[in-house]
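K.L.:
give me the fold of what follows.
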Amino acid sequence: MKRLTPLVLADGQQAVREVRRRAAEWGLAPERIGMIGFSAGGMVTESVALQHDADTGPDFAAVIYGAGEGGPPVPADAPPAVCALRR
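P.N.:
Numbering: from 1, shown residues only. The predicted model follows:
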């Protein structure tokens, strides 16, 4: 899984970048782009929310049943997030 982590992060960051780039074309507000992910998608969402730059950071995030592998520390500019975990 460690080998895939950079690819997962890059894929999620590119998705945010592309949606923000095409926001006007799709009738979206570019400052209101968020991510939601379930299970493996939760890992993508968590990765992007915690490791981003100005172009790739989501404005909000929802991690539902994410892997929760104890990723990087939460940065000061992390977006508002909701996390739901299985018990």
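K.L.:
only C-alpha atoms from now on, for both contacts and neighbour counts.
P.N.:
Will do.
K.L.:
can you list contacts of the helix or strand harbouring Glu18?
P.N.:
Glu18 is part of helix 5-21 when elements are defined by DSSP states H and E. With Cα atoms under 8 Å, 6 or more residues apart in numbering as the test, helix 5-21 has contacts from 30-31, 33-34, 44-45, 47-48, 51-52, 55-58.
K.L.:
reformat these as a markdown table; add neighbour count.
P.N.:
Converted to a markdown table, those look like this (neighbours: other Cα atoms under 10 Å):
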| residue | neighbour count |
| --- | --- |
| Pro30 | 17 |
| Glu31 | 10 |
| Ile33 | 18 |
| Gly34 | 20 |
| Val44 | 25 |
| Thr45 | 29 |
| Ser47 | 20 |
| Val48 | 27 |
| Gln51 | 20 |
| His52 | 19 |
| Asp55 | 13 |
| Thr56 | 21 |
| Gly57 | 24 |
| Pro58 | 30 |
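K.L.:
which stretches in the protein count as helices?
P.N.:
Per DSSP state H, the chain carries helices over the ranges 5-21, 23-26, 40-50.
K.L.:
orientation of the first one relative to helix 40-50 in degrees?
P.N.:
When you say that, I think you mean helix 5-21. Interaxial angle of helix 5-21 relative to helix 40-50 (axes from the mean of the first three to the mean of the last three Cα atoms, to 10 degrees): 70 degrees.
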